[in-house]
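*Asks:* Build me a model from this:
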Amino acid sequence: MAERQTKNRFFRLWRRGGESKGAARSITEEGALWAAHGRAQESTTQASDAAERAVASTAKQRATLDAGTDEARALFTRIEELQRQIARLGDAFERLNVVALNAGLEGARLGEASGKPLSLVAEEVRAQGERGGEAAREIARTLGDCSRELGAVGTRFDDARGHGADVTQHASVAAAAAAEASRALGDLGERLRRATGSDPETAQAIAQATEHARALVSALGALSGRVPRALLTNALKPMLEPLVRSLFDEEPDSVEDKE
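*Replies:* Have a look, this model is predicted:
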């Protein structure tokens, strides 16, 4: 059925304007028009698919960023708790230093004989308390640096989420535009079908057949005068006879007109 429609379309175009060259030109132009229409449809489909993938990818990225933000906030809370504990530890070392100082004073009051051991212990406790206090202060400074860095990370996460939202919005707009373009191309295709009386498959098939015919004519022209006509006839006859029957058996009037 499709083959019969293709041949009927060929003969309609052949008779249009009464000139085969004009018909061939019309066939070629329609085939090119439908080919361009097909490429445009394919491009809009690819654009729509890409936009949808971008939306899905951005949604996954946003989920990952949200999880990272939650983890950063939990770690920030843990650091704050550690800072409070380190502050209490520093206070304990300070109180220990006060106790060691009081013990040293008491040892000095007792005198050299009985107070010296107490003074020595107090001095050692005070030294250890100072080292412990310095270590606690160093840990507090490190935790403060970590807290500030986590705050910067959280800010970057927030910025990334904002950018992701922008990408999602733009991708959604692109997807909607691609869908609208696809609908417009569908409407254009229907108008082309009504205006030309053809369809993409038939027009492109006829255009391809025309190009093959031109290539055959060009090849025969290159062989003209170099190969005996009888040799060419014998070589082409098995292919030309089915071609002639395919073109003219269902159109006897056209064969007579040609004759």
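*Asks:* Any stretches of this protein with poor pLDDT?
*Replies:* Counting by pLDDT under 70, the chain shows low-confidence ranges at 1-28, 203-204, 207, 244, 247-259.
*Asks:* Show the residue spans covered by the helices in it.
*Replies:* 2-15, 20-110, 112-196, 200-223, 229-248, 252-258 (DSSP state H).
*Asks:* any chance of those in JSON lines, plus mean neighbour count?
*Replies:* Any C-beta I mention is one placed from the backbone N, CA and C, and that applies to glycine too. Shown next, in JSON lines, are the helices of the chain (neighbours: other C-beta atoms under 10 Å):
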{"stretch": "helix 2-15", "mean neighbour count": "15"}
{"stretch": "helix 20-110", "mean neighbour count": "15"}
{"stretch": "helix 112-196", "mean neighbour count": "14"}
{"stretch": "helix 200-223", "mean neighbour count": "14"}
{"stretch": "helix 229-248", "mean neighbour count": "11"}
{"stretch": "helix 252-258", "mean neighbour count": "10"}
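*Asks:* residues touching Gln85, list them.
*Replies:* For Gln85, the contact set (C-beta atoms under 8 Å, 6 or more residues apart in numbering) is empty.
*Asks:* ok, 10 Å please
*Replies:* Applying C-beta atoms under 10 Å, 6 or more residues apart in numbering to Gln85 gives the contacts Ala136, Ile139, Ala140, Leu143.
*Asks:* how much space between it and Phe93?
*Replies:* From Gln85 across to Phe93, the span is 13 Å (C-beta to C-beta, to the nearest Å).
*Asks:* Can you add distance to Leu110 and give the contacts of Gln85 back as a markdown table?
*Replies:* Below are the contacts of Gln85 laid out as a markdown table (distance: C-beta to C-beta, whole Å):
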| residue | distance to Leu110 |
| --- | --- |
| Ala136 | 32 |
| Ile139 | 37 |
| Ala140 | 37 |
| Leu143 | 42 |
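*Asks:* quick one: which of the residues you listed is nearest Thr210?
*Replies:* For the contacts of Gln85, the residue nearest Thr210 by C-beta to C-beta is Leu143; the value is 80.3 Å.
*Asks:* residue at max distance from the center of this protein?
*Replies:* Ala113 (85.7 Å; C-alpha atoms, centre = their mean).
*Asks:* Can you tell me how far that one is from Leu232?
*Replies:* 137 Å.
*Asks:* Could you do Arg148 as well?
*Replies:* From Arg148 to Leu232 the distance is 89 Å (C-beta to C-beta).
*Asks:* do Ala87 as well
*Replies:* 104 Å.
*Asks:* With Gly144 instead?
*Replies:* Distance from Gly144 to Leu232, by C-beta to C-beta: 95 Å.
*Asks:* Name the residues contacting each of Gln85 and Phe93.
*Replies:* In contact with both Gln85 and Phe93: Ala136, using C-beta under 10 Å, 6+ apart.
*Asks:* Show me what stretch 61-69 is in contact with.
*Replies:* 153-154, 156-161, 163-165, 167-168.
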